[in-house]
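1. Structure for this input, please:
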Amino acid sequence: MKSNLLSNIYNPADLRLLSEAQLPEVAQELRQFIIDVVSVKEGHLGASLGVIELTIALHYVFNTPDDLLVWDVGHQAYGHKILTERRENFDTNRQLHGISGFPKRSESVYDTFGVGHSSTSISAALGMAIASNLKGDFEKQHIAVIGDASIASGMAFEGLNHAGVTDANLLVILNDNAIGIDPSVGALKKYLTAVKEGKNPKKNNMIKSLNFDYSGPIDGHDLPTLIQELNRLKKIKGPKFLHIVTTKGKGLQQAEENQVKYHAPGKFDASTGEIHLKHEDNLPPKYQDVFGLTILDLAKKNQKIIGITPAMPSGSSLKFMMDEIPERAFDVGIAEQHAVTLAAGMATQGMIVYCNIYSTFLQRAYDQVIHDVALQNLPVIFCLDRAGLVGEDGATHHGVFDIAYLRTIPNMIIYAPINEIALQNILYTAQLGLNNPIAIRYPRGRGVLPNWEVENFGHYEKIKFGQANCLKKGTKMAVLSTGTIGNNVIEALSQCSNSERIAHYDFPFIKPLDIKLLQHIFLDFENIITIEDGAKIGGFGSAVLEFAATNNFKNNIQNLGVPDEFIEHGTVAQLQQLCKIDVKSLINLFQTV
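-> Numbers count the residues shown, from 1 in each chain. Here you go, the predicted structure:
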């Protein structure tokens, strides 16, 4: 009868009761367990499959949770979660009120640091190690597991630079699989490839030159070798660096062969790996594809157009341009700050730069947006994909702060299209010539126009800056929306019996606001509602309140949006319901007018 070791492992203490000879069986069971659950429940697959052996070895050798383990990025921590008291509820992963898809301090003592964004592990683990020294604990181990895409980020280098001049008990493990979400890029990737192939002389080792005790590269799927090396490193004091080589998607043939697609493949057949195809006939396009197809079309006609993305060519659909015009489309790796200032440098030379960064990741380059772009009034075009509530990735990835953090910056234009046509037209208008930088925010997922590409693609209209639009007239109340959340208002009004009482205005320009139209609205309507899929504090609604206060209007104003809290993971529909900006909540609100 086949053993089932995993079912008897509740936490790492149980794992350590097993013999080393039993661990390959645990690896096989753990890998299959992840495949079985993710095939049905969806989630990130390839990254966790690639570190199964490493996960087991780390918890077997080190005394977690007393020894502190930081994962970077959390995509690779599914095996860690299952071995640390969450096997029985792992099927709730990324679901509303279930466990998070990323390590989360409030969820488990084994999750020592929240890691939804990349390249934080070395700094965090170093901080922990220095704190241990200050408390007189020189035996505690501090381990940072970081991928080859994440270690290319500036913050990771900052951490390495500091760690190398300390006596901190820090072990950095480089999980080198040559891919993040998309394949890794840059000179560091070429250096690591040369190391793996034995083409780089040991005397040229850049990690050793930073005062780390370097070992490797070793096979990250060879459990005995991993355990032997971790046991050796455990006895060495000071900063250490272990280079391991793994295969993303290890153990599932399709995931190994198509690592980009199987990063987060959706539902698939657990036995064959075959992805269950979704019926996409007659569906609206994804907003990212509206961007990708439009910028490619514009770039073919305008030689000055440049596209930049930090490590998200597939997710942003800049890949369309990278495939056809590679000399003018750049993936700079996980380097948001560099992406923004690179765009600024190009803009000084008259290039028209579309810098596509997910809203949540532009937070990492806030100083560059202010100092390098806005202060110099350079007309960089920021395309903020995944703006608003993004769903199952949760609090670390929701793009709900961009309106608030950009609205305070002088010279910045902020635009939120209501649909695919508006997005296409603002992308077209921006390349005709700007006097200021602009941020164009649009959501994850699909639009609302199934025939957009057939009926509208390539038929561009110039947008008048600062202009809002009346979508529907009404007698009693005005609803002011910005961006695609306005489609919830349209749907809600279509189902209301009293819709003739409610006017609806689309404010795509959050900055500058259409002051002239606002004055008319405030004179015509006593009751006004604003709605946005961003933070209420400092957002579009706040801008309307500021207008009212400045102009001494006393109208009744209600702001709808994301409340002053971090919103958990769940479907976008569920999270909109939590924030009371879903269609049903709006119908209930409008029916009271």
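
2. count of neighbours near the nearest residue to residue 418 once chain neighbours are set aside?
-> Excluding its sequence neighbours, the residue lying closest to residue 418 (CB to CB, 6 or more residues apart in numbering) is residue 486, at 4.7 Å. C-betas here are computed from N, CA, C, even on glycine. The burial count assigned to residue 486 is 28, neighbours taken as other CB atoms under 10 Å.

3. wait, what's in contact with residue 486?
-> Neighbour list for residue 486: 418, 471, 504, 506, 531 [criterion: CB atoms under 8 Å, 6 or more residues apart in numbering].

4. Break down the stretch 351-500 of the chain into its helices, ranges please.
-> Taking DSSP state H, counting those that start in this stretch as the test, the helices found in the stretch 351-500 of the chain are 359-362, 366-367, 402-407, 420-430, 452-455, 486-494.

5. same check, this time on the stretch 201-350 of the chain
-> 223-234, 253-257, 287-301, 313-316, 319-324, 336-348.

6. Could you export those as JSON lines, including mean neighbour count and distance to residue 449?
-> Formatted as JSON lines, the entries for the helices of the stretch 201-350 of the chain read as follows, by neighbours: other CB atoms under 10 Å; distance: least, CB to CB, whole Å:
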{"stretch": "helix 223-234", "mean neighbour count": "17", "distance to residue 449": "52"}
{"stretch": "helix 253-257", "mean neighbour count": "16", "distance to residue 449": "33"}
{"stretch": "helix 287-301", "mean neighbour count": "22", "distance to residue 449": "9"}
{"stretch": "helix 313-316", "mean neighbour count": "23", "distance to residue 449": "20"}
{"stretch": "helix 319-324", "mean neighbour count": "19", "distance to residue 449": "19"}
{"stretch": "helix 336-348", "mean neighbour count": "21", "distance to residue 449": "29"}
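
7. which stretch among these comes nearest residue 375?
-> When those are compared for distance to residue 375 using CB to CB, the nearest one is helix 336-348, at 9.8 Å.

8. quick one: average confidence on the closest one?
-> Mean per-residue pLDDT for helix 336-348: 98.

9. picking up where we left off before, what separation is there between the residue nearest to residue 418 and residue 507?
-> Taking CB to CB, to the nearest Å as the measure, residue 486 and residue 507 are separated by 9 Å.

10. Regarding the protein, what is its longest strand?
-> Of all the segments assigned as strand in the chain under DSSP state E, the longest by residue count is strand 527-535.

11. Could you check how many residues crowd around the closest residue to residue 492 other than its chain neighbours?
-> With CB to CB, 6+ apart as the measure, residue 586 is the residue that lies nearest to residue 492, at 3.7 Å, once sequence neighbours are left out. Residues contacting residue 586 under the criterion other CB under 10 Å number 26.

12. on that earlier part again, can you name the secondary structure element that comes next after the longest strand of the chain?
-> From strand 527-535 onward toward the C-terminus, using DSSP states H and E, the following helix or strand is helix 540-550.

13. State the mean pLDDT of that next one.
-> In the prediction, helix 540-550 has an average pLDDT of 98.

14. Show me the contact partners of the least confident helix or strand in the chain by mean pLDDT.
-> For the chain, using mean pLDDT, DSSP states H and E, the weakest element among its helices and strands is helix 187-196, scoring a mean of 81. Helix 187-196 has contacts (CB under 8 Å, 6+ apart) with 148, 151, 152, 174, 176, 178, 200, 205, 206, 217, 243, 245.

15. My read is that residue 484 contacts residue 533, right?
-> Yes. In this structure, residue 484 is within contact of residue 533 by CB atoms under 8 Å, at 7.3 Å.

16. neighbour-wise, which of the two wins?
-> A direct count of neighbours by other CB under 10 Å for residue 484 and residue 533 places residue 533 higher, at 31 against 24.

17. What separation do you get for the nearest residue to that one once chain neighbours are set aside and residue 345?
-> The shortest distance from residue 533 to any residue that is not its chain neighbour, by CB to CB, 6+ apart, is 3.6 Å, and that residue is residue 388. Distance of residue 388 to residue 345, given as CB to CB: 30 Å.

18. now residue 40
-> When distances are taken as CB to CB, residue 40 and residue 345 turn out to be 47 Å apart.

19. Comparing the helices of the stretch 201-350 of the chain by mean pLDDT, which bottoms out?
-> With a mean of 84, helix 253-257 has the lowest mean pLDDT of those.

20. The stretch 101-250 of the chain: strands as residue ranges?
-> 142-147, 170-176, 213-219, 240-245 (DSSP state E, counting those that start in this stretch).

21. Turn those into TSV, including mean neighbour count and distance to residue 461.
-> Supplementary listing: the strands of the stretch 101-250 of the chain in TSV, determined by neighbours: other CB under 10 Å; distance: least, CB to CB, whole Å:
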stretch	mean neighbour count	distance to residue 461
strand 142-147	28	43
strand 170-176	26	48
strand 213-219	17	55
strand 240-245	23	52
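
22. Could I get the contacting residues of residue 23?
-> With contacts defined as CB under 8 Å, 6+ apart, residue 23 is in contact with 56, 57, 60, 223, 227.
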